[in-house]
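K.L.:
Show me the folded form of this:
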Amino acid sequence: MTPKIQADRRPTLLLIGANGQVGWELRRTLASVGEVIAASLEGEYGPTIDLMDPQALARLIEDSRPDALINAAAYTAVDKAERDRATAQRVNAEAVGEMGALLAERGTPIIHYSTDFVFSGTLGRPYTEDDQPDPLNVYGETKLDGERALRDSGARALIFRTSWVYGARGQNFLLTMRRLFQEREELRVVDDQIGSPTWSRMLAEVTAQVLYRVLSGDLDLDRIGGLYHLTGSGQISWYGFAQAILEATGARTRLIPIPSSEYQAPARRPAFSVLDNTRFEETFGLRMPDWRLSLAQCLEEL
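P.N.:
Residues are numbered from 1 along each chain as shown. Purely as a prediction, here's the structure:
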């Protein structure tokens, strides 16, 4: 069982990947749980960490001696990963396994994020945690390897598979559409890939709630640790998502739905990668909002 943190001491939380769109939100939400050490490649908010260097990772964990580690770092360039497997494998899999091994020795909890791209999208219904992964691209393969490496490390871990993450920061579909609406009169968007848009803010807030319960002793990772699907509720195509953004922003760009066959990309994408959140909801008593509500709230902030 994860040791309960003393009431008179704020836990130390090591956040890796603090400059990403999820990490940026986690810096704020985790501050209510403990003292956040925000590590990133650029060292913008705290220590510098290069996940290509195993010794640097070990030193960071040794120096910070965290009560929990939250890994929001990932190699997420899906198309680029097709020609840069070594880097994707190092960041998405090998480094994750090393985190797990280092933390297992200390009994320290870790929260890690994975992706809907571990599935091929051919099932025709929302995927559960018990469905067999079968990724179509290098990104999905390396993220799946990371899940397995963390599981095999023996660490007390929570792995949250999520999908179609967007937010007010970073590179994501929402910000890309807003920019293109200003630049183009007509835009072609894929309409035969279905998923669940997930606001990075909601993902970070839910993570903080779960972690607080773990560190306060309310949740026993020996009992509930493992893999969970965690995405926005509902489902939509990329074209439908773009339509919702267009309507909310009042832009006048003409959207044209196209099949994936007309969008030539190096990496294949799953056609239907909706994830079933039931296990998460039943275990933690939390439900993610419908993606439309989260989108409206994010756009208000923008």
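K.L.:
who's in contact with Asn288?
P.N.:
Quick fix: residue 288 reads Met, not Asn. The contact partners of Met288, by CB atoms under 8 Å, 6 or more residues apart in numbering, come to Thr198, Met202, Val206, Leu230, Thr231, Gly232, Ser233, Asn277, Ser294. For every residue, glycine as well, the C-beta is placed using N, CA and C.
K.L.:
try 7 Å
P.N.:
Neighbour list for Met288: Met202, Val206, Leu230, Thr231, Gly232, Ser233, Asn277 [criterion: CB atoms under 7 Å, 6 or more residues apart in numbering].
K.L.:
Quick check on Thr253: phi, psi?
P.N.:
Main-chain dihedrals, Thr253, degrees, to the nearest 10: phi -60, psi 140.
K.L.:
And the helices in the chain, which stretches?
P.N.:
For the chain, the helices defined by DSSP state H occupy 21-29, 54-64, 78-81, 85-89, 95-106, 138-153, 173-183, 200-215, 221-224, 238-249, 278-284, 291-301.
K.L.:
buried sites along the third one?
P.N.:
Buried residues in helix 78-81, defined by neighbour count with 16 or more other CB atoms under 10 Å: Val78, Ala81.
K.L.:
With stretch 255-264 instead?
P.N.:
Leu255, Pro257.
K.L.:
Show me what that stretch is in contact with.
P.N.:
186-193, 239, 242-243, 246, 269.
K.L.:
So which of those wins on neighbours?
P.N.:
Ala242 (25 neighbours; other CB atoms under 10 Å).
K.L.:
didn't Gly17 look like it was pressed against Ser40?
P.N.:
Yes: taking contacts as CB atoms under 7 Å, Gly17 lies within contact range of Ser40: 6.3 Å.
K.L.:
Asn92 and Ala149, how far apart?
P.N.:
9 Å (CB to CB, to the nearest Å).
K.L.:
more crowded one of these two?
P.N.:
Ranked by neighbour count (other CB under 10 Å), Asn92 and Ala149 place Asn92 first, with 28 against 21.
K.L.:
Just list whatever residues bridge to the spatially most central residue of the chain.
P.N.:
Geometric centre of the chain, nearest residue: Tyr113, 4.4 Å, by CA atoms, centre = their mean. Using DSSP bridges, the beta-bridge partners of Tyr113 come out as Phe160.
K.L.:
my guess is it contacts Thr162, does it?
P.N.:
Yes: using CB under 7 Å, Tyr113 is in contact with Thr162, at 5.9 Å.
K.L.:
Which residues are in contact with Phe284?
P.N.:
For Phe284, the contact set (CB under 7 Å, 6+ apart) comprises Val210.
K.L.:
For the residue of the chain positioned farthest from its centre, list the residues it contacts.
P.N.:
Relative to the C-alpha centroid of the chain, counting by CA atoms, centre = their mean, Glu185 is the outermost residue, at 32.3 Å. Each residue near Glu185 by CB under 7 Å, 6+ apart is listed here: Thr253, Arg254.
K.L.:
Ok, Ile110 next?
P.N.:
Counted by CB under 7 Å, 6+ apart, Ile110 has contacts Leu69, Asn71, Met99, Gly100, Leu103, Ala155, Ala157.
K.L.:
okay if I get these as CSV plus pLDDT?
P.N.:
Putting these into CSV (pLDDT from 0 to 100) gives the following:
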residue, pLDDT
Leu69, 98
Asn71, 98
Met99, 96
Gly100, 97
Leu103, 97
Ala155, 96
Ala157, 97
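K.L.:
buried set for stretch 207-221?
P.N.:
So for stretch 207-221, counting by 16+ other CB under 10 Å, buried means Thr207, Ala208, Gln209, Val210, Leu211, Tyr212, Val214, Leu215, Leu219, Leu221.
K.L.:
Tell me the pLDDT of the fifth one.
P.N.:
We note a pLDDT of 98 for Leu211 in this prediction.
K.L.:
quick one: which of the contacts of stretch 255-264 is nearest Trp24?
P.N.:
Ala242 (23.5 Å; CB to CB).
K.L.:
now the residue lying closest to that closest one once chain neighbours are set aside, which residues is it bridged with?
P.N.:
Using CB to CB, 6 or more residues apart in numbering and skipping residues adjacent in sequence, the residue nearest Ala242 is Val189, 4.6 Å away. Beta-bridge pairing for Val189 (DSSP bridges): Pro257.
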